[in-house]
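# with the sequence up front, the predicted model follows.
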Amino acid sequence: MSTLFAHQAQAEHCNVNFNYGVIIEPNHVRILDNGQTYVQINNDNQLFVRGREILLEAQQTALISDFSKGIRSQVPEIVFIAIEGVEVGLKAVNKVIGGLTGENSASHRKLQEKFDDMQMRLRKKFNHSDKSYYIAPQDFDDFDEIFAGEFEQEIEEIVSESIGTILMAVGEAMANRDEETIEQRVSTFDDRLENMGEELKLEIGTRANQLEQKAEQFCQALSNLDKVETEMQVTISALQDFNLISSERYSHSE
């Protein structure tokens, strides 16, 4: 899995941090500082700072609205990127293994159950339902860690455990072809393994490129949102010390 995201880590650099936790629910956005609500925006236009409502002028309300809508847009996006990043590897491996052992084989069903369990735990990590999202304070500089993180080793273990089953399934298929000599069976076996590797590489490469584009758009959007936050700090005195987003100019590494 680490090689899956190596290309992304090298291709882009996202100098953006979330300094607080963020909760998005249908009617409000809450920014948490050490577990306590620091800033709350209701219906994209009503501001509370540490529980006290801040009366806003029209220009200030427009800034709060832009900021709230931006957060509502981008937090689900990073949750999607994180989940899809792990699923890229799972789907690719699952597809190849299913093709080799059969979609409904016992080994394939067992593998699918492990992947389904992992995906469920990954979703719970963000505590999100269809209308609610949570993301903890974090640094988006290392997308590899966000994508794989604690699940990387588990994915590698699942795949490693499956290799023996794959080889046995392919070997049995080869052994049943009585018309072939041992040399022909070995050659066919090698071809199957080579094709499996190429198919995995193509499947992962395509999906990883799509995710790279989404990650780039996400970083740029957060950098733009940081400018809105700066204006809020300047024009709304109650927010002068508020700094959810820390970003440097978004850039590609050389």
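Structure's in. What do you need? Numbering: from 1, shown residues only.

# what ranges do the helices span in the stretch 101-250 of the chain?
106-125, 143-147, 151-175, 182-235 (DSSP state H, counting those that start in this stretch).

# and those, which one averages the lowest pLDDT?
Among the helices of the stretch 101-250 of the chain, helix 143-147 carries the lowest mean pLDDT, a mean of 54.

# part of a strand, is Pro29?
Not quite, residue 29 is Val, not Pro. Yes: per DSSP: H, G, I helix; E, B strand; the rest coil, Val29 lies within a strand segment.

# can you tell me how far Ile71 sits from Gln59?
Ile71 is 19 Å from Gln59, where distance means Cβ to Cβ, to the nearest Å. The C-beta positions use only the backbone N, C-alpha and C, and glycine is treated the same way.

# higher neighbour count, the two?
Ile71 (25 against 11; other Cβ atoms under 10 Å).

# right, and the more buried one touches Tyr20 too?
No: judged on Cβ atoms under 8 Å, Ile71 makes no contact with Tyr20 at a distance of 11.0 Å.

# give the residues shared as contacts by the two.
Counting by Cβ atoms under 8 Å, 6 or more residues apart in numbering, the shared contacts of Ile71 and Tyr20 are Leu244.

# number of residues surrounding Gln46?
17.

# tell me the contacts of it?
Gln46 sits in contact with Glu53, where contact means Cβ under 8 Å, 6+ apart.

# ok, now the one 4 residues further on?
Arg50 makes contact with Thr37, Tyr38 under the criterion Cβ under 8 Å, 6+ apart.

# with Ile54 instead?
Ile54 neighbours (Cβ under 8 Å, 6+ apart): Leu47, Phe48, Ile236, Ala238.

# and for the last one, the neighbour number?
Yep, that's Ala238 we're talking about. Neighbour number of Ala238 under other Cβ under 10 Å is 18.

# what sits closest to it if chain neighbours are left out?
Val49 (4.5 Å; Cβ to Cβ, 6 or more residues apart in numbering).

# the one you found touches Thr37, doesn't it?
No: judged on Cβ under 8 Å, Val49 makes no contact with Thr37 at a distance of 9.5 Å.

# now the host helix or strand of Gln74 and helix 106-125, what's the angle there?
Using DSSP states H and E, Gln74 sits within helix 58-101. Here helix 58-101 runs at an angle of 170 degrees relative to helix 106-125 (axes from the mean of the first three to the mean of the last three Cα atoms, to 10 degrees).

# and the pLDDT for the residue nearest to Ala238?
pLDDT, Val49: 97.

# that one and Ala82, how far apart?
29 Å.

# who has more neighbours, those two?
The residue with more neighbours, out of Val49 and Ala82, is Ala82; 24 against 18, by other Cβ under 10 Å.

# if I look at the more buried one, how far off is Phe126?
Ala82 is 7 Å from Phe126, by Cβ to Cβ.

# what do you get for Glu84?
12 Å.

# which one of these two has more residues nearby?
Phe126 (18 against 15).

# quick check: closest non-adjacent residue to Ile31.
Val39 (4.2 Å).

# surely the one you found is in a strand?
Yes: per three-state DSSP, Val39 lies within a strand segment.

# begin at 15 from here
Sounds good: first residue 15 from here, last item Val53.

# who is it paired with across the strands?
Val53 has these beta-bridge partners by DSSP bridges: Ile45, Val63.

# any idea how many residues pack against it?
24.

# how about Ser119?
Ser119 has 15 nearby residues by other Cβ under 10 Å.
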